[in-house]
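K.L.:
Below: sequence and its predicted model.
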Amino acid sequence: MDDEENSDFEFIADIKGGSVPKEYIPGVQKGIESVLGTGVIAGFPVLGMKATLVDGSYHDVDSSVMAFEIAGRAAAREGLRKAGARLMEPLMQVDVTCPEEYMGDVMGDMNSRRGEASRAEERTTTARSEATITVVIYRPY
């Protein structure tokens, strides 16, 4: 990942007592960053993640930067699943003006499509509503 792609990723090494040697910490960070590009939901990237390394252990003979990278990757996947990562959807603002008698039907239809009205006003013979709705299920009126 380049710097622009992971600009919303923050990694903090907050280890007390040297439980993880400093030379292995970049491996943990690299392992976590490797998960951000494909995430844990349908291969979509992760946006806005902060990871803090607080503890760990190592073995003088068996530990390596690669082993800590693998551990970082596994920890990131497990953490994202436990945190309840969600797939984000593109939203759009819509402004609907229609005859007053149809506004109830229009608002009901928007609500059935997970739309959320932010403002509504009635005029002499028409009604107007502003709403936010997901792009995937939007159908123009």
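P.N.:
Thanks, I have it. Residues are numbered from 1 along each chain as shown.
K.L.:
can I assume residue 39 sits in a helix?
P.N.:
No - secondary structure of residue 39 (DSSP: H, G, I helix; E, B strand; the rest coil): coil, not part of a helix.
K.L.:
what phi and what psi does the backbone show at the nearest residue to it once chain neighbours are set aside?
P.N.:
Residue nearest to residue 39 in three dimensions, not counting chain neighbours: residue 46, with 4.5 Å by CB to CB, 6 or more residues apart in numbering. Backbone N, C-alpha and C define where each C-beta goes, glycine included. The phi and psi torsions at residue 46 (degrees, to the nearest 10) take the values phi -90, psi 130.
K.L.:
Can you name every helix or strand that the longest helix along the chain contacts?
P.N.:
With secondary structure taken from DSSP state H, the chain has its longest helix at helix 65-83. Other helices and strands packing on helix 65-83, by 3 or more CB pairs under 8 Å, 6 or more residues apart in numbering; DSSP states H and E, are helix 25-36, strand 49-53.
K.L.:
residues making contact with the longest one?
P.N.:
For helix 25-36, the external contacting residues (CB atoms under 8 Å, 6 or more residues apart in numbering) are 1, 5-6, 9, 11, 13, 15, 20, 45-46, 49, 51, 53, 56, 64-77, 80.
K.L.:
pretty sure residue 126 contacts residue 100?
P.N.:
Yes - using CB atoms under 8 Å, residue 126 makes contact with residue 100 at a distance of 5.9 Å.
K.L.:
Contact partners for the residue nearest to the spatial centre of the chain?
P.N.:
Nearest to the centroid of the C-alpha atoms of the chain, with distances taken as CA atoms, centre = their mean, sits residue 47, at 4.6 Å. Contacts were defined as CB under 8 Å, 6+ apart; by that measure residue 47 touches 8, 88.
K.L.:
can you do 6 Å?
P.N.:
Contact analysis of residue 47 by CB atoms under 6 Å, 6 or more residues apart in numbering lists residue 8.
K.L.:
Check the one 5 residues further on too.
P.N.:
For residue 52, the set of contacting residues under the criterion of CB under 6 Å, 6+ apart consists of 12, 14.
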